[in-house]
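The amino acid sequence is not available; the structure is as follows:
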């Protein structure tokens, strides 16, 4: 018994002393490295050799791995920022996202069908509280239908719904509703008692924050007597209810693209995203005008009108616009954020690298879920598209300095013309493509691939990439190898954006027997099918900076850099410097000493170095150099039979991670006839002889 | 031997009946309830608002949801027994393919832990039973009681935090390094290194309970009359233990082993979740959350069949070891 | 009848004495008594309820940390209500009239002087700050604006905080208000977590504004600037209510606060109730079902026996986890539902044991004898069979509890538990998902783990003691 006491005392002492040992004082947070701060994006790359995507199904494990340095970057949830921001090995970047959280309402359902009820609930959402308490300040409360983040697309003068229980009550009373204070019950204008109605959210184990949020809104509603309730419903079931329009009302996120084209589908009668079931002829008219014009200013003007109406009838109630936080290890630079909002630019995957290692190395970015498929037309989750986005490319991308502008990518330029086909208005969009692009398997990328991809999408109507433009597309036209055009019914500024899809190779996706063999276009996963002709590749090939290399389900996906990338960084090559004499006399030995380094800066010891002497572009002499250690190669060239002006060319080729790099450098060489070497002597002798002769001659006289 | 044959036949009939009823229950719970009562439609998993109603109908057709319920049941059972476990709603990949990706991990982790638990549990139980009443016994029993009371997830998290995060001895997640070493031996070593923490957690939690169970089995037997007789005859203690007692407690031990076997396949949800172990248990848990019924049904089917088979094998073994049971 | 009761009571007491004679029983009982005490007196022991949020800042440390020198300055909750009469009038135009009505400070331009004109007034209040830097602070300002007469008059409000060194931070810059406006429900709420505020003050999104502004101990000054612009035939009045200022503390309660600012100590104390309830209720239900099925099957035999045992066997194959998930997803999460499910999935082994025992009893001579003299089945079961089963009932009752407690904790940890119930599993779930494990907040992590372990252990120990009491052979030593 006494020993037990002894141990318990030790234990207690430890517990009391523990806080002394734990250090809770502020640790210096990781600073954004200067190289990152001053980074100017480059559309060339990729700088790293491998892009490793380890899978962490559990966010906690991902964060732990990030803090341990097993991965280079991680998305940081708002609630977890505190843990990361004091870590000296991590820096954080914050950006405004396009994600809008909203309360979507089934406007056909009693009592949600009363506009006043929707307006009252809009007044009952304490957006400030939600952003502060649940999202720890990382977001902006929004009550405008098109968030102000969209700049001049957003109408600032729409009806706003400030949080106020009094106003909520007032809205209802003004609309003819009555409130029985004693019983705490509301009656609609026809005298019917308002029954319980619901906000649906995924259950707490799937999205605790949404549940908590809904709880708070409901409590406020109950305070004024509105019998609003939270209904926890499994996410898939909720989605199924939303698609079948049998939902009640729900809180979820909407990812607006960089242009608010979604408005057309959201609010139009019968629009594919019009889950709320609104139908307003005037609104439809404005939306048509907004969508089917090529004049952006006009489009904006109509969208403003749309917003005014939407803010009145409130089919969906915006709540807040999220801010994203992404953390990097302090040895990472080259991250490109879109300005002024939107997150990481596509250019990040080209520019990102480790500080002190401008080229080479591995970038490790975690995936939060195991990609189900890497088929670009059926992939849905952000993680799946992330992987595919490193492999396939599109015609143009968002400009990193101004997200609403475009940066040409596979297409050099494009034109948009209004034409007339059979008496009706149509649009012709022509893309002029770069001609130096190849697929990972070496096949040339041409206009036919683009046309094929468009036709494929038009025909198959896949989950991803399908848009209105394909429904209206009349035909595609391959003008020449590097010019492709699409003819589309009607005119709309959005066509250009909708045509900008990820381009797939015709020689793979157009190979019907191959697709059939592996389950058809919808079922097959190209990353699991070996390439028909090139060994070591899969059918998941693109024109992008990375090649799909390896995958272990549940563990990781490994991408290798594309050696033949058409935008390969010019700096990513061997470095070669050599010294040799500029001029010498025939018969002398020319000593050449070359230093070869790979792109990471370490000496290349397995290189073959060839020294060639050229005259008028034809090789006169060639000698291969031998390695003398530390990447220095030397060669001696005999110049006995040369004379005149030559070029010395040193060519080094070395293999780095399976790719052969070649680099050459040149210098000029003048070989003088061997006798010139003795010319001074001869002259001296001659002069002496002349002098002697003159002297002798003079003496004689 | 006729007695044994008859007994085994009777048991077989029983087991098959149980299997059929269990399958029916599962069918009702997994196929009928979600679709017909709760309205979970697999076509909605396609997350595509562009789908037309005809396409939806086609998807339902593909999943066989348009047949009458009895037809569906027959098809369901037949397809299960022919190894056609269907396609996952969520990934749309064949369930078998996905299962095979995960099965090795689970079998290795839980197989090792089950075997080690049984070996160590038996050993510890035997020792404490033989030394019952001594300080060693009291010590081991107290430790076992304590270990048996710790929540598994708690122990797992603490181990992960300390051995992986603060003292970086073990990895944080996964079954192998990403990417793993290429040489086979190094690969195996890497795998073992990743398995260390989950295995440790499973063992610490399970051994205590199992040892207590074995100990109480032994001790119950030790009080029986035949032991007293044997002692009176002057048999050595270890002889008594190994000849008389072990023989008598074998049947319950075999039954517990038989019941542990299906777990080797169906996995351990919490351990796999905490240590990001790519196994079946976690898959089952996630599939249940995502209402991915083909997956749930496949895993449950396999574990039910395994339970029944292993229990039947246990029946056979017990019947051979202890002929008395045949009379029951 | 009273005699019977008395006798039962006596045996019960005797039984306790027996239990206390065993060491494991003694330890188990002491531990259990502690837990029961905590559960019963939870509201007395814990000053707060587990569902009160925002009691202090999130992740506040336990208050006794202040005993240690390096934490002695940590901020406690600091709350101030600044009433109308508490304001110091700093600078002001000469034409502004300030008056107090019903606790509201009313500010309006005087009628004298040229119009249109702009008047202003500075209201100031000192805040004594005696702690090390906090993380954040918040200010609530209720006010109304009344515009009368000709259109064009407006009011504009700005809020500043002046630090010890005289640096002033503009916390709020209101737009001109040219119409009647009531900012009371809710009041103007300034909170330093807002990213807009951080960026406007020139801080990074990751800075804690409270820490930057209240960086030293000393006197800080809250300053309100009210500007009134009046046109010649109009006027504007601003009425200011009680201003509320709060710095949430970084230390709170015996165990600090969680990610939502709830009292962890309250969570721990109230969690005892949940675990005890789950354990005992689930065990009682499960034992009752098992007993009923076992006794009926064993006593009746034949077809009834076959059917019941078949049912039992089948239920053994019911997959626990998917079933629990499915039900929690579809029916919802309710503590009693969880308890029922745990019970329904755990009675089968007991039923089998019971049946075996009853079968052996059924053929004993005394049962035959009672049958012969015409005793009904119910009578026999109640008077002769069940008493024989008492030991196994008690033992199972007690030994089922730890399983139920651990299962409930595991379910809560997988977030399949009732979200409205403060259980220990839930506490650990919250700890994990808000990063308490990383931050080594052992005062959050260790107590619930130990509580679960010791509660489960107390029942196992009592069960062991019961085992030895009922089977004295077990005690026999060599």
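Perfect, thanks for sending it. Please read all numbers here as calculations on a predicted model, not as lab measurements.

which SS state does the residue of the stretch 251-400 of chain A found nearest chain C fall under?
In the stretch 251-400 of chain A, the residue that lies nearest chain C is residue A:323 (6.1 Å; C-beta to the nearest C-beta). Placement of C-beta: from N, CA and C, glycine included. Under DSSP: H, G, I helix; E, B strand; the rest coil, the three-state class of residue A:323 is strand.

these two touch, right, it and residue A:142?
No. Contact criterion C-beta atoms under 8 Å: residue A:323 and residue A:142 do not qualify, at 12.0 Å.

to the chain's geometric centre, what's the distance from stretch B:250-263?
11 Å (C-alpha atoms, centre = their mean, to the nearest Å).

go on, stretch A:647-665?
On C-alpha atoms, centre = their mean, the centre of stretch A:647-665 falls 33 Å from the chain's centre.

returning to what we had before: how about the contacts made by the residue of the stretch 251-400 of chain A closest to chain C?
Shown in contact with residue A:323 (C-beta atoms under 8 Å, 6 or more residues apart in numbering or on different chains): A:78, A:94, A:95, A:96, A:97, A:138, A:139, A:140, C:195, C:205.

Point out the ones among these that are inside strands.
A:94, A:95, A:96, A:97, A:139, A:140 (DSSP state E).

of all the residues you listed, which comes closest to chain B?
residue A:97 (20.3 Å).

now the strands for the stretch 151-300 of chain C?
Secondary structure of the stretch 151-300 of chain C (DSSP state E, counting those that start in this stretch): strands at C:154-162, C:168-173, C:181-191, C:218-230, C:234-240, C:243-247.

Show me the one of these that comes nearest residue C:455.
With C-beta to C-beta, the closest approach to residue C:455 among these belongs to strand C:243-247: 37.4 Å.

returning to what we had before: and of the contacts of residue A:323, the nearest to residue C:172?
residue C:195 (14.9 Å).

ok, the closest one touching residue A:136?
No. With contacts counted by C-beta under 8 Å, residue C:195 stays clear of residue A:136, the gap being 9.4 Å.

sorry, back to before: beta partners of the residue of the stretch 251-400 of chain A closest to chain C?
residue A:96 (DSSP bridges).

Against residue C:431, how distant is it?
Residue A:323 is 26 Å from residue C:431, where distance means C-beta to C-beta, to the nearest Å.

wait, what's in contact with the residue nearest to residue B:268 when sequence neighbours are not counted?
Of all residues not flanking residue B:268 in the chain, residue B:281 sits nearest, at 4.8 Å (C-beta to C-beta, 6 or more residues apart in numbering or on different chains). Going by C-beta under 8 Å, 6+ apart, residue B:281 touches B:106, B:266, B:267, B:268, B:269, B:271, B:272.

Make a markdown table out of those and add neighbour count.
Compiled in a markdown table, these are given as follows (neighbours: other C-beta atoms under 10 Å in any protein chain shown):
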| residue | neighbour count |
| --- | --- |
| B:106 | 26 |
| B:266 | 24 |
| B:267 | 26 |
| B:268 | 27 |
| B:269 | 25 |
| B:271 | 25 |
| B:272 | 27 |
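
Narrow those residues to those in helices?
Mapping those onto helices (DSSP state H) picks out B:106, B:266, B:269, B:271, B:272.

Quick one, which of the residues you listed has the minimum pLDDT?
Of all the ones in helices among the contacts of residue B:281, residue B:266 carries the smallest pLDDT score, 76.

quick one, what contacts that one?
B:106, B:280, B:281, B:284, B:299, B:300, B:302, B:303, C:319.

let's see it at 7 Å
B:280, B:281, B:284, B:299, B:303 (C-beta atoms under 7 Å, 6 or more residues apart in numbering or on different chains).

now do residue B:150
The neighbourhood of residue B:150, defined by C-beta under 7 Å, 6+ apart, consists of B:205, C:453.

Please name the strands paired to the particular helix or strand that has residue A:651 in it in the sheet, noting orientation.
Assigned by DSSP states H and E, residue A:651 falls within strand A:644-656. Strand A:644-656 pairs in its sheet with strand A:608-615 (antiparallel), strand A:659-672 (antiparallel), by DSSP bridges.

Distance-wise, check residue A:493 relative to chain B.
Taken as C-beta to the nearest C-beta, to the nearest Å, the spacing of residue A:493 relative to chain B amounts to 22 Å.

show me what contacts that residue?
By C-beta under 7 Å, 6+ apart, residue A:493 lies in contact with A:293, A:294, A:296, A:299.

swap in residue C:79?
Contact analysis of residue C:79 by C-beta under 7 Å, 6+ apart lists residue C:246.

and the angle from the helix or strand encompassing it to strand C:243-247?
Assessed by DSSP H and E, residue C:79 sits inside strand C:78-82. Strand C:78-82 runs at 170 degrees relative to strand C:243-247, counting by axes from the mean of the first three to the mean of the last three C-alpha atoms, to 10 degrees.

Can you list the buried residues in strand C:78-82?
C:78, C:82 (16 or more other C-beta atoms under 10 Å in any protein chain shown).

Which neighbours in the sheet does that strand have, and how are they oriented?
Here, using DSSP bridges, strand C:78-82 pairs with strand C:243-247 (antiparallel).

from the middle of its chain, how far away would the strand it pairs with be?
25 Å.

Reformat the contacts of residue A:323 as a markdown table; add neighbour count and pLDDT.
Listed next are the contacts of residue A:323 as a markdown table, based on neighbours: other C-beta atoms under 10 Å in any protein chain shown; pLDDT from 0 to 100:
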| residue | neighbour count | pLDDT |
| --- | --- | --- |
| A:78 | 18 | 87 |
| A:94 | 18 | 90 |
| A:95 | 17 | 90 |
| A:96 | 22 | 88 |
| A:97 | 18 | 86 |
| A:138 | 26 | 90 |
| A:139 | 26 | 89 |
| A:140 | 18 | 90 |
| C:195 | 21 | 89 |
| C:205 | 17 | 88 |
